[in-house]
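A.B. asks: here is the input, now give the coordinates:
(2 chains)
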Amino acid sequence: MPGPVTTQHKPDKPPALRGFEHIRRFWNPRINCWTAKILPGEFFVTRSDEVISTILGSCIAACVRDPLLRVGGMNHFMLPEDQSTGKSSWLEGPNGLSTRYGSYAMESLINELIKLGADRGRMEVKLFGGAAILSAPTDVGARNIAFARGFLKLEGFRVAAEDVGLTCPRHVDYYPATGRAMLKRLPTLGVRAIITEEAKYSERLTREEPRDDVELFD
Amino acid sequence: MKIMIVDDSSAMRMIVRKTLRLAGFEGHEFSESDDGQKALTAIKTSAPDLVLSDWNMPNMTGIELLEALTMDGIKVKFGFITTEATPDMRQRAAAAGASFLISKPFTAQSFKDILGVHIK
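C.D. replies: Numbering: from 1, shown residues only, chains lettered A, B, ... in the order given. I've put the predicted structure just below:
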């Protein structure tokens, strides 16, 4: 005789922290967790037991957490395409400062964690993505990886785990509370959507430049 | 002129310096601090002509630094370079006596536009 059907306890949706209400969150029955899904250019930070999920092509996702406070987050970014030629380094592309977008993405995430009480010295980082995917003349993924590694080294962060490069897109489920990251390498075919999404994001970055603003108080 | 860059991110301090160079501001004396508390002490001893400060930092934030300087009667030209720039923050910055606010990710052009007024 079959036993009674047990349903997995579904906790209430954890509250979104201020500033992250716009991120799409859903109950994921596959992993029995509330899941925040982030897209290229977005980031998400939480102090709850939930998962942050994304699909990466040539973009990078940095997963950062403070193990003591069990707060953490993930970003999803790429550097704008840099078509000029010349001397290039991870910090300064040939056309100047395209890496400021990467620094901005990293700093935004780190700042939100610091606001939650996280300590820079305790932060644990995992790095994913940077595949050679977009049909660009340069390997955008490699440039993104070089930037992320260079930035983290300069900031004194230790990379606890990474899965970067190659030519495969990746699906990442990150559990900020425990630091666990579940990674699945995806076949290149069948994920046209993420490639299109990233290409649009890359175009947007190039087109939007410059998008800073300045205010004089004097 | 003496310019102090205050930011908890060493990458960001480096980027600010590079952007200043790209914007054509060269030949100045730079110093750096990685939080507001250290900057407060350093400003008292080194008396910079201009402070370029991040907002969100551990120990003492940029706005707390500016407010502490004012409280101690120290007058220094002070501008924010920050990832976050809400209307509330802008208002508080202006009220505390900041000269300007540049939001990240910034460009060399915005540095040129705004700092041309302040860096001679």
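A.B. asks: hey, where'd the strands end up in chain A?
C.D. replies: Along chain A, the segments classed as strands by DSSP state E run A:24-28, A:33-37, A:43-46, A:51-56, A:60-66, A:71-75, A:124-129, A:159-164, A:170-175, A:180-185, A:214-216.
A.B. asks: go through those strands and name the closest to residue B:72.
C.D. replies: strand A:214-216 (25.0 Å; C-beta to C-beta). For every residue, glycine as well, the C-beta is placed using N, CA and C.
A.B. asks: what residues does that closest one touch?
C.D. replies: The contact list for strand A:214-216 (C-beta atoms under 8 Å, 6 or more residues apart in numbering or on different chains) reads B:85, B:90, B:99, B:100, B:101, B:102, B:103, B:106, B:110, B:113, B:114, B:117.
A.B. asks: can you check stretch A:21-33 too?
C.D. replies: Identification of contacts with stretch A:21-33 by C-beta under 8 Å, 6+ apart yields A:8, A:10, A:13, A:16, A:34-38, A:42, A:44, A:49-51, A:53, A:173, A:175, A:182.
A.B. asks: report pLDDT for the residue nearest to residue A:206 when sequence neighbours are not counted.
C.D. replies: The shortest distance from residue A:206 to any non-neighbouring residue, by C-beta to C-beta, 6 or more residues apart in numbering or on different chains, is to residue A:80 (5.1 Å). pLDDT, residue A:80: 77.
A.B. asks: close enough to count as contact, residue A:80 and residue A:198?
C.D. replies: No. Residue A:80 is beyond contact range of residue A:198, at 11.9 Å (criterion: C-beta atoms under 8 Å).
A.B. asks: looking at these two, which is more packed in?
C.D. replies: Using other C-beta atoms under 10 Å in any protein chain shown, the more surrounded residue of residue A:80 and residue A:198 is residue A:198, with 27 against 23.
A.B. asks: how about the strands of chain A in JSON lines, adding mean pLDDT, distance to residue B:48 and mean neighbour count?
C.D. replies: Formatted as JSON lines, those follow (pLDDT from 0 to 100; distance: least, C-beta to C-beta, whole Å; neighbours: other C-beta atoms under 10 Å in any protein chain shown):
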{"stretch": "strand A:24-28", "mean pLDDT": "95", "distance to residue B:48": "45", "mean neighbour count": "14"}
{"stretch": "strand A:33-37", "mean pLDDT": "96", "distance to residue B:48": "42", "mean neighbour count": "19"}
{"stretch": "strand A:43-46", "mean pLDDT": "97", "distance to residue B:48": "33", "mean neighbour count": "26"}
{"stretch": "strand A:51-56", "mean pLDDT": "96", "distance to residue B:48": "40", "mean neighbour count": "25"}
{"stretch": "strand A:60-66", "mean pLDDT": "97", "distance to residue B:48": "32", "mean neighbour count": "26"}
{"stretch": "strand A:71-75", "mean pLDDT": "98", "distance to residue B:48": "33", "mean neighbour count": "27"}
{"stretch": "strand A:124-129", "mean pLDDT": "97", "distance to residue B:48": "33", "mean neighbour count": "23"}
{"stretch": "strand A:159-164", "mean pLDDT": "96", "distance to residue B:48": "35", "mean neighbour count": "17"}
{"stretch": "strand A:170-175", "mean pLDDT": "96", "distance to residue B:48": "41", "mean neighbour count": "22"}
{"stretch": "strand A:180-185", "mean pLDDT": "96", "distance to residue B:48": "43", "mean neighbour count": "14"}
{"stretch": "strand A:214-216", "mean pLDDT": "74", "distance to residue B:48": "20", "mean neighbour count": "17"}
